[in-house]
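Colleague: Turn this into a structure:
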Amino acid sequence: GVVTNGIYDMWWHGGLRPAPYYHNQIGILTEAARVNIASPVFIDFDELIGRRGIPSTQERYINFTDVWEGGEWHSRDIAKYEEETLRSIIEVSVKYRKDFINRFYDRNVDAIEKGQTEPPYGYIFNIDRNDRSKLLWLMEVLNFQGIELYITKDTINIGDDIFPANSFIVLSSQPQRPNVLALLSKQEYPPRFVYPDGPPEPPYDIVSWNLIQQMSLEAKQLGQPLPEYIEENLIKIKPSSNLNLLLNNKDNLKNRRINFLNKLNDNGIDLTGKVVGHASEGGGYIFSPANDNYAVVINRLREKGYNDIYFTAYRVRYEDKVFPVNTCVVSYSKELHNNLESLAKELSINFYAISGIDQLTLKKASKKKVALYESYNENYPTGWLQFVLDAFEFKYSIVHNKDIKEGNLNSKYDLILFGSESYEDIMNGRDADRYLDEYAGGIGKEGLNNVKDFLINGGKLLLIDEASDLAIKGLKVPVKNILDNVSESEFYCPGSILNMHIEDLNNNLFAGYSNENIFAYFKFSPTFELLDDKNIDVLATWPQNPDDILASGWILGEDLISGKSAILDVKYGEGDIIMTAFDAVHRGQPHVTFKLLFNAILNKIK
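Modeller: Here you go, the predicted structure:
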């Protein structure tokens, strides 16, 4: 049937329906009943149920006048439905063209005027207090989708805060004000329940997504309009032309990054990195893993044959700077300086020449053979894991069920990654009655035994979020997911940003982190409790005080997870299992936890 005014919440900033609203545009989402892959299905009239504000789809209502009588539903019906929808959109767009354009114009003017009279008036990012790789990534993303940016020409004062030249400002007085506030502000989702004291009412999708927290950036929210003398001291960076980039087939992350830096250079702004000094025989260069692009540097250098790359075991002093444990070092080699200059320019990372690296206590960076498990369950977290690995230029192999079942894993891989996926899906996979043998089933008991042998013989596993059940239920590690079988009335967190505490910053997994308190993305995730602490290290926990757990979004029953484990390192035979109680790469957005993935690959697991 056809329903009008069906009820969807307007909270989430994402998808083709709600995201355009934040751009003062019209968002349309079409949904059609599915079929059995491409085979028709038969739905009896008595099977129809009510949804989206319609009590029953077997009865007519004022907004549901065309009741479907049941019967066969084909893939051609879906195609016809979509074609009719598209034709009606085109017809309405032509008929009311001027009206749509005028309303779009009015909405943009309203956004500009609100930004001049209502707080917040914008955000300012101190260039010296933020990781440049993350900050430039965020600014490029904002600029790419049509947001105006400003950069300070000289040092400015706002209240008691001093911001050096080249600090970024995003003002809310611009057409995309709703988009600016949605992407940069903390979300506080209003708790909603099906009925008083009843279960939570599920949101359409996640409830928090702000990029400042997900990218672990520091920004000052402007509570007052900028004085005129400061506005005169700003360089305006106009929005990118999305269409030209797409038409020229340049819409990839590397080219977008280079194009953005070139755009800044055209405006007289140089935010490239530097190579300080010249190393000689017996020396090398140090660089900080605090900059996420350290992973790209290591991967690029290895591609060029530079294999003498290390992490420091202790702090290193360089003139007036002190580099922490797990700072990166690459030993001197011919042409290295020129290669580093090229990397510094593109990746906005600094390198410092040092002498006598043989006097330092160094740990060689791991050169693991990495495998990423990919099931046939359309598991999008694994896709996002691939996206992040590709974006930071890691080399890895994709393994499927048959590869795990073949065994002899230690001869092929050192580390196997599992994106967030349920134990049942990993073990059992697709239904053999509906799918070809090649795509049916999971790793099964045979594959699980091979994973066990892989660990016993020194292999490493990184199990992200739900995949941790592979260790708990499959490998029987002495760990309990305390949220397993807990009702939604007791605990509920449908996609929020939580605070997490790192137990030991010197642990190799946390190379590049300078603060023990970071953010993590939690969406119906597990939380760990140790049944036996032998051979298990707790690497990170949720805050002891329940009131300190939620950073943005909505959580119910947070006292259940307070003080509990969020990252574990489980010794298993000669190997290790790293388990995370959150999705470290959720939709490619929480850059704050990307380094956990990078370090698991590039650094030794203690």
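
Colleague: The stretch 401-550 of the chain: strands as residue ranges?
Modeller: Using DSSP state E, counting those that start in this stretch, the strands found in the stretch 401-550 of the chain span residues 415-418, 460-464, 479-481, 496-502, 517-522, 528-530, 536-541, 550-552.

Colleague: Quick one: distance of the longest one to the chain centre.
Modeller: Mean-position distance between strand 496-502 and its chain equals 14 Å (Cα atoms, centre = their mean, to the nearest Å).

Colleague: Next: the first one.
Modeller: Distance of strand 415-418 from its chain centroid, counting by Cα atoms, centre = their mean, is 18 Å.

Colleague: hey, which helix or strand in the chain has the poorest pLDDT?
Modeller: helix 242-247 (a mean of 61; mean pLDDT, DSSP states H and E).

Colleague: ok, back up a step: would JSON lines of the strands of the stretch 401-550 of the chain with distance to Gly447 and mean neighbour count be doable?
Modeller: The C-beta positions use only the backbone N, C-alpha and C, and glycine is treated the same way. Below are those laid out as JSON lines (distance: least, Cβ to Cβ, whole Å; neighbours: other Cβ atoms under 10 Å):
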{"stretch": "strand 415-418", "distance to Gly447": "11", "mean neighbour count": "25"}
{"stretch": "strand 460-464", "distance to Gly447": "13", "mean neighbour count": "26"}
{"stretch": "strand 479-481", "distance to Gly447": "21", "mean neighbour count": "19"}
{"stretch": "strand 496-502", "distance to Gly447": "31", "mean neighbour count": "22"}
{"stretch": "strand 517-522", "distance to Gly447": "28", "mean neighbour count": "23"}
{"stretch": "strand 528-530", "distance to Gly447": "24", "mean neighbour count": "19"}
{"stretch": "strand 536-541", "distance to Gly447": "24", "mean neighbour count": "20"}
{"stretch": "strand 550-552", "distance to Gly447": "37", "mean neighbour count": "22"}
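
Colleague: Export these as a markdown table, with columns for distance to Asp390 and mean pLDDT.
Modeller: Formatted as a markdown table, these follow (distance: least, Cβ to Cβ, whole Å; pLDDT from 0 to 100):
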| stretch | distance to Asp390 | mean pLDDT |
| --- | --- | --- |
| strand 415-418 | 13 | 98 |
| strand 460-464 | 17 | 98 |
| strand 479-481 | 30 | 98 |
| strand 496-502 | 24 | 98 |
| strand 517-522 | 20 | 98 |
| strand 528-530 | 30 | 98 |
| strand 536-541 | 26 | 98 |
| strand 550-552 | 28 | 98 |
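
Colleague: I'd like these laid out as JSON lines, including distance to Pro239.
Modeller: As requested, the strands of the stretch 401-550 of the chain are arranged in JSON lines below (distance: least, Cβ to Cβ, whole Å):
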{"stretch": "strand 415-418", "distance to Pro239": "36"}
{"stretch": "strand 460-464", "distance to Pro239": "35"}
{"stretch": "strand 479-481", "distance to Pro239": "45"}
{"stretch": "strand 496-502", "distance to Pro239": "27"}
{"stretch": "strand 517-522", "distance to Pro239": "28"}
{"stretch": "strand 528-530", "distance to Pro239": "44"}
{"stretch": "strand 536-541", "distance to Pro239": "38"}
{"stretch": "strand 550-552", "distance to Pro239": "26"}
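
Colleague: Quick check: buried residues in stretch 590-606?
Modeller: Using 16 or more other Cβ atoms under 10 Å as the test for burial, stretch 590-606 gives 590-605.

Colleague: again with stretch 271-284
Modeller: Leu271, Thr272, Gly273, Val275, Gly277, Ala279, Gly283, Gly284.

Colleague: From the residues you listed, which land in strands?
Modeller: Val275, Gly284 (DSSP state E).

Colleague: so which two of the buried residues of stretch 271-284 are the farthest from each other?
Modeller: Greatest spatial distance in the buried residues of stretch 271-284: Leu271 and Gly283, 27.3 Å, computed using Cβ to Cβ.

Colleague: if I look at Phe522, how far off is Leu498?
Modeller: 5 Å (Cβ to Cβ, to the nearest Å).

Colleague: Find residues that contact each of these two.
Modeller: When contacts are counted by Cβ atoms under 8 Å, 6 or more residues apart in numbering, the set common to Phe522 and Leu498 consists of Ile555, Phe582.

Colleague: Are we agreed that Asn157 is in a helix?
Modeller: No - counting by DSSP: H, G, I helix; E, B strand; the rest coil, Asn157 is not found in a helix; it is strand.
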